[in-house]
Structure formats: C-alpha cells, structure tokens
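In: pasting the sequence and the predicted coordinates here, then a few questions.
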Amino acid sequence: MKLLRRSILMLGLGLTSFVASADTDTIKTRWADVKVDTVASGLNHPWGLAFLGDGRMLVTERAGNLRIVAADGSVGEPISGLPEIKVRGQGGLFDLRLSPNFSNDNLIYFSYSEPETAGSDITSTAVARARLENNKLHDVKVIFSQQPKVMGGRHYGGRLAFSANGDFLFIGLGDHGHRQDDVQKLDNHTGKLVRIHPDGSVPKSNPFVNQADAKPEIWSYGHRNIQGMDIQPTTGQLWTVEHGPQGGDEVNMPKAGLNYGWPVITHGEQYGGGEVGIGFKKDGMEQPIWHWTPSIAVSGVAFYQGSQFPQWQGNLLATGLKGQQVARLEVNGDHIIHQETLNLKRRIREVKVSPDGSIYLLTDEPKGAILRLSAVK
C-alpha cells in the first residue's frame, strides 16, 4: 500500500513520457525533435565513457576491457596494462575519468572491483590512475581501495567525478547489498561518498579527517549504491544519484559530513513488499532532492550544456536501467521542478554530453551500444 500511495503522488510531478524505437528514430517532444543514432555496437556491458578531444572515445566494458572507439564507430582492441579485475555479478571495470590536465599528462582514472588476493572472490571497489600511451596503460597506481573487502558481487557504486577546480576526486560507493549495518558507521567505506586528491592523498578539509574512529576519506554517508555523479556547471556543486530498493531511487547534493539516511530512512520498500528502516524521515538525516517511486534503477547523470538543445541548458539528464529511459530534469536552485522522460526501450547505463552538444548514452547489454541523441535540423 505504501508503494502504491507514493506512485499516485508522483503523478503530480509533471512527468511526460516519449518513446523511441530502433537504431535511428526521431522523438517529437514539446521541446525539440530528437534523433537517435547508434554510433557503435558490440560492447560488453559498457559502463563508462570519456571523450578524448579528437573525435575518439574511451569506453570501459564491465567485463574488464578498456577500448578506444573511433569517430566512425569502429571499436579498437582492448588496451593492455589493466590491473587484475574480478568480474563477478555486478563487479568488473566501472567508470573512468580523464585527468583535468589530460592534454599534458595523459593520465586516466578508473574504478573497478579489486580482489583481495589473486583470483579471490573477496572484493571491493578500487580506483587506479595510469598514463595512456600507444594503446597501453603505464605507471598504474591504485590510489584508493574501499575497506573492508567482502564476499559478494553487488552494489559496488564506482562512479567518479572531479571537482570543478580539479583538486578533488569524488568516488561513489555502495553497501555491497548485504553490509547495511556498516553504512551508518564511519570506521569503514561501505555506503559512503569519499573525497581524495588526484594523487590519492586525503584532503585536510575532509569532515572526519581528525576523528579517530572514522575513515578520513569520507565526505558523506548513509548511501545505498551511488551510480551517477556530475558537477553542476553554474555552482560547482556535486550532484549524485543512487539506487533505492523497490522504489526510492534518489537525487542528492551531498554536503560534507551529512548523513543521507540509508538504511534507516528511504522512500522505497523491501523487494516484494515490507518497510525498510523506520520510514521516510528522521532528524539528522537528509531528504533527497528528488526520488523515483517506483524505481527506474537510476544510473548515470550529466548536466546539459551545449548548442544542440539550447532549451535544456542546466537540465540534469539521468538514465534508467530498469526504466530503460533518459529522464530530463528541470532544475531550479536546489529543487527539481519538472521531469520529461525519453523511453528508449533499452537499459541505459551512462549519459555524457559531447563537445558538440550531442548526448551520448551507453546501453547495458552483452552486446551493448553507444547511442547519440542530436537535434533534428
């Protein structure tokens, strides 16, 4: 009954849905005509994407490969030099980001499920940096390793974002699916958002850096499974999205030292029914800016800036796995005032805005694709 009540409430939020089909199609919305093209295909559960600035793209596959995709869509051979990655369940190779100074240092940052020892099923999320040169990674260095490592293969988080000035790297983490008791504790990285410097060192301004019983890398806590992050261009503020259980997918603006409630409060419920925690609210715990109930299994997010869709400037784009969609969220200050949904009939893992203002999407499939949304001229 609780889930039904929340679903009814969502009807008043201005949600509009449009459907796209096939590899090339046009979606007519009240904002623009949107053309959907397949740029590349045959990728094994693509997870992260970065534009290299010369028309090429760097793409991760959850199966443990890093590839360059040419401007014409041809997919290159796997790049060598990756560390050992445990591909199991939801684990594998996750997100990547180019160094803020990539044009000079050729450094990339990537997240992955790191085994405790060679071949071990005991894993956690790690982040490494390396220099990309001649289709090979050099000088690979692990700069963060989530503690503790655990048995299991779920809720790794793994999304990365650099701060607006490039001085900090944020890493979104999950609760491993069965370590919920650790999420409200500060002596571990389970269900946390962490902030480090690009070299892996801990910023002195982190909120718990001087607290003896807390991991100094923690920025905020009480998160279930952070799957998307981006910096708002006009403010420099980090925005995140995370999976709820059955309902309660969240959009947050995580602030230093704050508690975002999981698993004590949530707008979702147990799979198959039943309450999680104590309900919707508790003093000292933050409410999401927005939530999807029922869940869309929200994944990637990106703020739109570009010339293709000038009416969308400053909008937040969020992808859905279960929802098979891209949600366009209109932002007013720290509120979301309207949602419009593009239903693409495919699980969408990630969204990126290209230098020319087109919107690129990754489909979460064994033979996944890179899709491009552009304006019909």
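Out: Received the coordinates, thanks.
In: ok, the residue positioned nearest the centre of the chain to residue 182 distance?
Out: Taking Cα atoms, centre = their mean, the centroid of the chain lies closest to residue 228, which sits 2.1 Å from it. Per Cβ to Cβ, to the nearest Å, residue 228 is found 22 Å from residue 182. Using the backbone N, CA and C atoms, a C-beta is placed for each residue, glycine as well.
In: check contacts around residue 169.
Out: Listed by Cβ atoms under 8 Å, 6 or more residues apart in numbering, the contact set of residue 169 reads 97, 109, 127, 143, 160-163, 195-198.
In: give me phi/psi at residue 38?
Out: Note on residue 38: its backbone torsions stand at phi -90, psi 120 [degrees, to the nearest 10].
In: quick check: which ranges of this protein have low pLDDT?
Out: Within the chain, the stretches falling below the threshold (pLDDT under 70) are 1-32.
In: helices along that one, start to end?
Out: 2-10, 102-105, 180-183 (DSSP state H).
In: before we move on, the earlier item: among the contacts of residue 169, which ones are buried?
Out: Buried members of those, counted by 16 or more other Cβ atoms under 10 Å: 97, 109, 127, 143, 160-163, 195-196, 198.
In: nearest to residue 267 among those?
Out: Among the buried ones among the contacts of residue 169, residue 161 lies closest to residue 267 (Cβ to Cβ), at 23.9 Å.
In: all strands of the stretch 151-300 of the chain, in order?
Out: 157-162, 169-173, 192-196, 218-221, 226-231, 238-242, 249-252, 290-292, 298-303 (DSSP state E, counting those that start in this stretch).
In: tilt between the third one and strand 169-173?
Out: If I follow you right, that is strand 192-196. Relative orientation of strand 192-196 and strand 169-173, computed by axes from the mean of the first three to the mean of the last three Cα atoms, to 10 degrees: 160 degrees.
In: can you tell me the strand partners of strand 192-196 and which way each runs?
Out: Strand 192-196 sits in its sheet next to strand 169-173 (antiparallel), strand 218-221 (antiparallel), going by DSSP bridges.
In: now those strands as CSV including distance to residue 272?
Out: Output for the strands paired with strand 192-196, formatted as CSV (distance: least, Cβ to Cβ, whole Å):
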stretch, distance to residue 272
strand 169-173, 26
strand 218-221, 27
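In: need the winner for burial among these.
Out: The highest mean neighbour count among those, using mean count of other Cβ atoms under 10 Å, belongs to strand 169-173: a mean of 27.
In: centre of the chain versus it, how much separation?
Out: Distance of strand 169-173 from the chain centroid (Cα atoms, centre = their mean, to the nearest Å) equals 10 Å.
In: neighbours of the closest residue to residue 231 other than its chain neighbours, how many?
Out: Among residues not flanking residue 231 along the chain, residue 164 sits closest, at 5.3 Å (Cβ to Cβ, 6 or more residues apart in numbering). For residue 164, the count of nearby residues is 15 (other Cβ atoms under 10 Å).
In: what's the answer for the one 10 residues further on, then?
Out: Residue 174 has 29 neighbouring residues, counting by other Cβ under 10 Å.
In: please apply the same query to the one 4 residues further on.
Out: Residue 178 sits with 12 neighbouring residues when counted by other Cβ under 10 Å.
In: got a list of what it touches?
Out: 150, 152, 154.
In: apply 7 Å and report the result again.
Out: residue 152 (Cβ atoms under 7 Å, 6 or more residues apart in numbering).
In: before we move on, the earlier item: nearest approach to residue 232 belongs to which of the strands paired with strand 192-196?
Out: Taking Cβ to Cβ, strand 169-173 is the member of the strands paired with strand 192-196 nearest to residue 232, at 13.0 Å.
In: ok so, going back, to residue 309, which of the strands paired with strand 192-196 lies closest?
Out: Per Cβ to Cβ, nearest to residue 309 of those: strand 169-173, 26.5 Å.
In: the inter-axis angle of the closest one versus strand 238-242?
Out: Using the same axes, to 10 degrees: strand 169-173 against strand 238-242 is 20 degrees.
In: between strand 169-173 and strand 226-231, how many degrees?
Out: Counting by the same axes, to 10 degrees, strand 169-173 points 160 degrees away from the direction of strand 226-231.
In: next, the angle from strand 169-173 to strand 157-162.
Out: 170 degrees.
In: tally of neighbours for residue 33?
Out: Neighbour number of residue 33 under other Cβ under 10 Å is 12.
In: how much space between the closest residue to it other than its chain neighbours and residue 325?
Out: Spatially, and ignoring its direct neighbours in sequence, residue 33 is nearest to residue 376 (3.8 Å; Cβ to Cβ, 6+ apart). Distance of residue 376 to residue 325, given as Cβ to Cβ: 20 Å.
In: neighbour count for those two, which is higher?
Out: residue 325 (25 against 10).
In: just checking, that one touches residue 296?
Out: Yes: with contact defined as Cβ atoms under 7 Å, residue 325 counts as touching residue 296 (6.4 Å).
In: residues near the closest residue to residue 367 other than its chain neighbours, how many?
Out: Among residues not flanking residue 367 along the chain, residue 42 sits closest, at 5.5 Å (Cβ to Cβ, 6+ apart). Counted with other Cβ under 10 Å, the neighbours of residue 42 add up to 11.
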